[in-house]
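Next comes the sequence, and after it the predicted model I'd like to discuss.
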Amino acid sequence: MKLYDNDFAPSPRRVRMFIAEKDLDARGVVITRIPVDIATNETGGAAFREVNPLGEVPVLELDDGIRIRESLAICRYLEALYPEPCLFGATPLERARIDAMTLELMFRVYVPTTHAFRHLHKFWQGRVTQIADYGASAREQVLEEWRRIDALLAERPFIAGDAFSMADIVAFTTLEFGKPSGIRLQPEQLHLGRWHAAIAARPSAKA
Ligand SMILES: N[C@@H](CCC(=O)N[C@@H](CS)C(=O)NCC(=O)O)C(=O)O
C-alpha cells in the first residue's frame, strides 16, 4: 500500500499514529509514504488531483490501485484488516461512544482549528483571503471546547472512556495542530494536561 502523506498536517498524522498504534510496520505490513507538499501547493496541482480530486492528504492507495481518502475512512479500513489492538471499540456501546467523540472533535474542534490556522497564520498569507476577526473567533470557539474537554477528562482517563481509541488520536493531533494559531493547553487545565502527557508519552505520538 501507499500513503500520500505530509509531515506537518494533522489529517495524515492521524493515520500515521493509527498505523503506529497497530504496529503495522513491525508486523511486516508495507505502507510506503509518498510525501506531498502543501506549502508549494503540490496538493492543488494537476498530478495530485488525479490521486484526490479534493487536493487533500491523506490518501491510501491499495496494491490494486484503488484509493481511499478521508483519514477516518482509512483508519476504519485498516481496523477492519488488522483488528488488534482495537481502536474503534469492541462492543456496540464502545463503538457508539468512540464515534460520537470522534465526530464531535472533528466538527467542533478540528474544523474551527483549521479556520483559525487559515485566517491567522502567515503560512496562508497571499494564498487565501484571510479574515483575522473570523480566525480569532474560531480560536475562541476552540479554546472553549478544550475547557469543556478538560472537565470531561476529570471523569475518565481517555477521551471516549477507559481505553485509548481513535478519539484520542483525533484529539491529540488536533491539540498539537492548534499551537501555531495560539491554541494551547492552559496551566489550569489539569485533566487535559494529564491526558496530553500520557498520549505524548506513547511511541505513536512521534509518528
Ligand atoms: N477530512 C479530511 C481532511 C483532509 C485535509 O484537510 N487535509 C489537509 C491537510 S490536514 C490538506 O491536504 N490540505 C491541502 C491544502 O489545503 O492544499 C481527512 O480527514 O482526511
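Received the coordinates, thanks. Numbering: from 1, shown residues only.

residue with max distance from the center of this structure?
Going by CA atoms, centre = their mean, the residue of the chain most distant from its centre is residue 64, 26.4 Å out.

And that residue, how far from residue 137?
45 Å (CB to CB, to the nearest Å). (Each C-beta comes from the backbone N, C-alpha and C, glycine too.)

do the same with residue 146
Counting by CB to CB - residue 146 and residue 137 are separated by 15 Å.

Which of the residues in the top helix by length along the chain are classified as buried?
Using DSSP state H to define each element, the chain has its longest helix at helix 132-152. When burial is assessed from 16 or more other CB atoms under 10 Å, helix 132-152 yields the following buried residues: 135, 138-139, 141-143, 145-146, 149-150.

which secondary structure elements does it contact?
helix 111-120, helix 166-178, helix 190-200 (3 or more CB pairs under 8 Å, 6 or more residues apart in numbering; DSSP states H and E).

what comes up buried for the second one?
Looking back up the chat, that one is helix 166-178. Residues 166-178 are the ones in helix 166-178 that count as buried (16+ other CB under 10 Å).

which residues sit against that helix?
10, 13-14, 17-18, 21, 72, 75, 87-88, 98, 101-102, 105-106, 109-110, 113, 116-117, 142, 146, 149, 158-160, 183-185, 192, 195-196, 199-200, 204-205 (CB atoms under 8 Å, 6 or more residues apart in numbering).

ok, now with 6 Å
Taking contacts as CB atoms under 6 Å, 6 or more residues apart in numbering, the residues outside helix 166-178 that touch it are 10, 13-14, 17-18, 87-88, 98, 101-102, 105, 109-110, 113, 158-160, 199.

Can you give the distance of it from its chain's centre?
With CA atoms, centre = their mean, to the nearest Å as the basis, helix 166-178 stands 5 Å off its chain's centre.
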